[in-house]
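Participant: Show me how the following folds:
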Amino acid sequence: MRIRAEDIPSLGEISRQHGRIAGDRRWRSFFFEGYGYRCEENCQRAPRTNDLLRQIPNLVTASFSVLEPGCRIPRHVGMTKGTFVYHLALKIPKNREACHITIEGENKTHTYSWNEGESLLFDDTFPHFVANDTDEDRYILLIQVQRPCRQAARRLLKIFLFCVRHSRFVQEIKTQLDMLARRPLSDQTSPAE
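Facilitator: Alright, predicted model coming up:
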């Protein structure tokens, strides 16, 4: 089954807590998994992707992330040093230089434009922002994985992720995703899956 951007809810619709960075409703997120919760309906809608995700050790979150034309995600940081963010570029606008992520490092700022089939792995606790200044959608597979760490830090990370899983933040997202996942998808096709 193919999934259209119109069938994917905006992140702002899924999570009020993401309000500041998800105010632009043209950022859409098709969630598979987050903090130990799986969106079974979405996993069934994209079985090949789901099968691949099941093979990833220490998976924290996984989703298709769609930026519609003109979408901008403001400068922000992730919530923990305990994870890395991975992007797999699925469908990138032809004018790829106008669709990019800028990551502010300790000593240097880097701007990356995605290439279809290529990956980007980064520490999202560094400030970063995203723009799609094209007239096409951008599709990526966005994954968070646990950062490799020593045993004591691994235990602390496990406790932290357990607390996040049971936080009001994640519980609200889970409730909203359960409701949204039951909406029927349109019959038309598009690039994801």
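
Participant: Could you pull up the mean pLDDT of the host helix or strand of Y86?
Facilitator: Using DSSP states H and E, Y86 maps to strand 83-91. Taken as a whole, strand 83-91 has an average pLDDT of 96.

Participant: can you check stretch 41-49 too?
Facilitator: On average, stretch 41-49 scores 91.

Participant: next one: stretch 122-137
Facilitator: Mean per-residue pLDDT for stretch 122-137: 96.

Participant: now that stretch, how far from the centre of its chain.
Facilitator: Distance of stretch 122-137 from its chain centroid, counting by C-alpha atoms, centre = their mean, to the nearest Å, is 11 Å.

Participant: Now that stretch: buried residues?
Facilitator: Buried residues in stretch 122-137, defined by neighbour count with 16 or more other C-beta atoms under 10 Å: 122, 124, 128-132, 134, 136-137. (C-beta placed from N, C-alpha, C; glycine too.)

Participant: Over to stretch 27-37?
Facilitator: For stretch 27-37, a neighbour-count test (16+ other C-beta under 10 Å) marks 27-35, 37 as buried.

Participant: which among those residues gets closest to C149?
Facilitator: Within the buried residues of stretch 27-37, proximity to C149 (C-beta to C-beta) peaks at Y35, which comes in at 17.8 Å.

Participant: quick one: contacts for the closest one?
Facilitator: Taking C-beta atoms under 8 Å, 6 or more residues apart in numbering as the criterion, Y35 is in contact with 60-61, 161, 164-165, 170.

Participant: if we go to 10 Å?
Facilitator: Y35 makes contact with 60-61, 144, 161-167, 169-171, 173-174, according to C-beta atoms under 10 Å, 6 or more residues apart in numbering.

Participant: Throw together a PyMOL command that grabs the buried residues out of these.
Facilitator: In PyMOL syntax, the buried subset of the contacts of Y35 is picked out as below (16+ other C-beta under 10 Å):
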select buried, resi 60+61+144+161+164+165+169+170+173+174
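
Participant: Just the ones of the contacts of Y35 in strands?
Facilitator: Among those, the subset assigned to strands under DSSP state E consists of 60-61, 144.

Participant: I'd like to know which of these is nearest to H100.
Facilitator: Closest approach to H100 among the ones in strands among the contacts of Y35 (C-beta to C-beta): Q144, at 20.3 Å.

Participant: Surely the closest one is in contact with L53?
Facilitator: No. Q144 lies out of contact with L53 (C-beta atoms under 10 Å); the separation is 11.8 Å.

Participant: Quick check: neighbours shared by these two?
Facilitator: 33, 59, 62.

Participant: so which of the residues you listed comes closest to L11?
Facilitator: Comparing the shared contacts of Q144 and L53 against L11 with C-beta to C-beta places A62 closest, at 14.3 Å.
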